[in-house]
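Engineer: Below is the sequence, then the predicted model.
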Amino acid sequence: QVQLVESGGGSVQAGGSLRLSCAASGRTLVRYGMGWFRQAPGKEREFVAAKSWSGGITYYADSVKGRFTISRDNAKNTVNTVYLQMNSLKPEDTAVYYCAAQRFRTTMSELEYDYWGQGTQVTVSS
């Protein structure tokens with residue numbers, strides 16, 4: 001079982017930056033693909049970014065390319081953590097952001113993720 005806990009959300013003005021973190025516990029994230037998703041009020045949850053265990057595969061939604069960067073810390077003896085650096089934030093980035101993990105794969109489909117965090121709110125004001 002993998003437990004995921006997001007942090008780093010908050011309120012920021014348009015053009016600002018935030019860095020979200022997702023810490024894993026329960027087991028290491030070896031060979032787990034990690035993704036970030038978001039859900040705005042009244043909308044369905046959507047894919048944001050994903051990265052493979054090795055880092056060789058990375059996906060971004062078109063809406064965040066060039067502004068968001070996903071990275072992960074796989075160092076031994078540390079809490080496995082995934083980050084989402086968000087720059088040049090826009091009001092339309094306002095949403096609850098979730099991290100998720102899937103074993104052995106890295107995809108953009110939320111249906112293929114096995115574990116989810118509780119989410120962290122990001123609010124961008126104009």
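Structural biologist: That came through fine.
Engineer: C-alpha from now on. contacts and neighbour counts both.
Structural biologist: Noted.
Engineer: who touches the residue of the chain most remote from its centre in this structure?
Structural biologist: Outermost residue of the chain with respect to the C-alpha centroid, by CA atoms, centre = their mean, is residue 126; its distance is 23.0 Å. Residue 126 makes contact with 13-14, 90-91, according to CA atoms under 8 Å, 6 or more residues apart in numbering.
Engineer: Any of those residues buried? List them.
Structural biologist: Among these, those buried by neighbour count (16 or more other CA atoms under 10 Å) are 14, 90.
Engineer: will you turn the contacts of residue 126 into a markdown table that also has distance to residue 66?
Structural biologist: Putting these into a markdown table (distance: CA to CA, whole Å) gives the following:
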| residue | distance to residue 66 |
| --- | --- |
| 13 | 19 |
| 14 | 16 |
| 90 | 13 |
| 91 | 17 |
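Engineer: ok, so of the contacts of residue 126, who is nearest residue 50?
Structural biologist: residue 90 (20.3 Å; CA to CA).
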